[in-house]
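no FASTA, just this:
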């Protein structure tokens, strides 16, 4: 594999060793069916020919994305190693594509696993968010801002119905930052419903955008709905609601005050007023003070969400 021939860890070297050495990914992996797709890539199931291990392979079309962006994603994947970050195994390249080999998260997207369970509690939501926060805390500690945290990018390691082990995935929009370069990120990226106000305002922003996104994910787990939405599907209205932080808990009486307080301290317009990932991990709702009752409204709303997607 490409990374095994690159002890220096230089991402530029990795991208071109596979071609230079004539290594063909098909000699190492039997690539199978499609698992999902994005704007510039397709994720496929594959099997290691020597061990039989199933993996996921992200196939990136070099003709549709800038080489610099691929190099940045690979540099980040090589840099990060954490129990709540999807494990990366190596890279290959041919004339048309770059192939990123990763662990196959057999539990699939968190969204789907929650629905398949039939019900879940506030306690379950807290367990999930704690792991996401641990992943975010780690990423920030090694100088990585994810910039696209959303339900679709939270994967489950297995289908174990007794517990959750989640991974943060998809670093295609991520950015390596240095503390001395604070405020140097300004590109408008990410999914609109999860974007922090400062991103939408077009001003320089920092890693706190990830914490805002965790707040959106938490609210969505607790209610089955986005905190910010437009009934008329107007992006102008949606942006206005996000930049003014206009959301409420109407219709969700079963969500505890602890959970509401947790979300409120993440969804702060001023990024400096938001809890950091470290502070969030010490919030009472994360440390075990949450309701064990089933979030029936949330489950039913997520179910409707899935039906709309299918239609």
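That came in fine, so what should we check first? From a predicted model like this one, the values you see are computed outputs, not experimental measurements.

C-alpha only now, for contacts and for neighbours.
Noted.

right, and residue 170 touches residue 153 too?
Yes - between residue 170 and residue 153 there is a contact at 6.2 Å, judged by CA atoms under 8 Å.

any idea how far residue 70 is from residue 279?
33 Å (CA to CA, to the nearest Å).

more neighbours, the two?
residue 70 (21 against 11; other CA atoms under 10 Å).

And the more buried one, what's its pLDDT?
Per-residue confidence at residue 70 stands at 82 (pLDDT).

Pull the contacting residues for it.
If a contact means CA atoms under 8 Å, 6 or more residues apart in numbering, then residue 70 has residue 172 as its contacts.

what about the helices in the stretch 51-200 of the chain?
Along the stretch 51-200 of the chain, counting by DSSP state H, counting those that start in this stretch, helices occupy 67-79, 110-117, 122-141, 197-200.

Indicate which one of the ones you listed is closest to residue 293.
Minimum separation from residue 293 across the helices of the stretch 51-200 of the chain (CA to CA) falls at helix 122-141, 6.8 Å.

what's the closest one packed up against?
Secondary-structure packing of helix 122-141 (3 or more CA pairs under 8 Å, 6 or more residues apart in numbering; DSSP states H and E): strand 166-168, helix 208-223, helix 277-281.

Not counting the second one itself, show me its contacts.
The one in question is helix 208-223. 122, 125, 129, 132-133, 136, 145-151, 193-196, 198-199, 225-227, 252, 255, 263-264, 266-268, 271-272, 274-277, 295, 297-299, 301.

Among these, name the buried ones.
Buried by 16 or more other CA atoms under 10 Å: 122, 125, 129, 132-133, 136, 145-151, 193-196, 198-199, 225-227, 255, 263-264, 266-268, 271, 274-277, 295, 297-299, 301, out of the contacts of helix 208-223.

Just give me the neighbour total for the nearest residue to residue 284 once chain neighbours are set aside.
Leaving out its chain neighbours, the residue that sits closest to residue 284 by CA to CA, 6 or more residues apart in numbering is residue 258, at 7.1 Å. Using other CA under 10 Å, residue 258 has 16 neighbouring residues.

Checking residue 258 next. Helix, strand or coil?
helix (DSSP: H, G, I helix; E, B strand; the rest coil).

pLDDT score assigned to it?
So residue 258 comes in at 93 (pLDDT).

just to revisit the earlier point, turn the helices and strands packed on helix 122-141 into a markdown table, including mean pLDDT and distance to residue 235.
As requested, the helices and strands packed on helix 122-141 are arranged in a markdown table below (pLDDT from 0 to 100; distance: least, CA to CA, whole Å):
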| stretch | mean pLDDT | distance to residue 235 |
| --- | --- | --- |
| strand 166-168 | 97 | 27 |
| helix 208-223 | 96 | 17 |
| helix 277-281 | 97 | 29 |
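
just these: most buried one?
Neighbour counts (mean count of other CA atoms under 10 Å) averaged over each of the helices and strands packed on helix 122-141 peak at strand 166-168, with a mean of 27.

what does that one rub up against?
83-86, 110, 128, 131-132, 135, 149, 153-157.

Residue nearest the middle of the protein, spatially speaking?
In the chain, the residue lying closest to the centroid (CA atoms, centre = their mean) is residue 153, at 3.3 Å.

Pop the domain breakdown of the protein in here.
Listed by automatic domain parsing, the domain ranges of the chain are 2-103, 108-310.

Of these, which shows the lowest average pLDDT?
Looking at those, the bottom one is domain 2-103 with a mean of 79.

Number of residues surrounding residue 302?
Burial of residue 302 is recorded as 20 neighbouring residues (other CA under 10 Å).

Surely it forms part of a helix?
Yes - the assignment for residue 302 (three-state DSSP) places it in a helix.

quick one, what contacts residue 42?
Residue 42 is in contact with 34-36, 58-60, counting by CA under 8 Å, 6+ apart.

Which secondary structure state is assigned to it?
Strictly by three-state DSSP, residue 42 counts as strand.

mind checking how far it is from residue 33?
10 Å.
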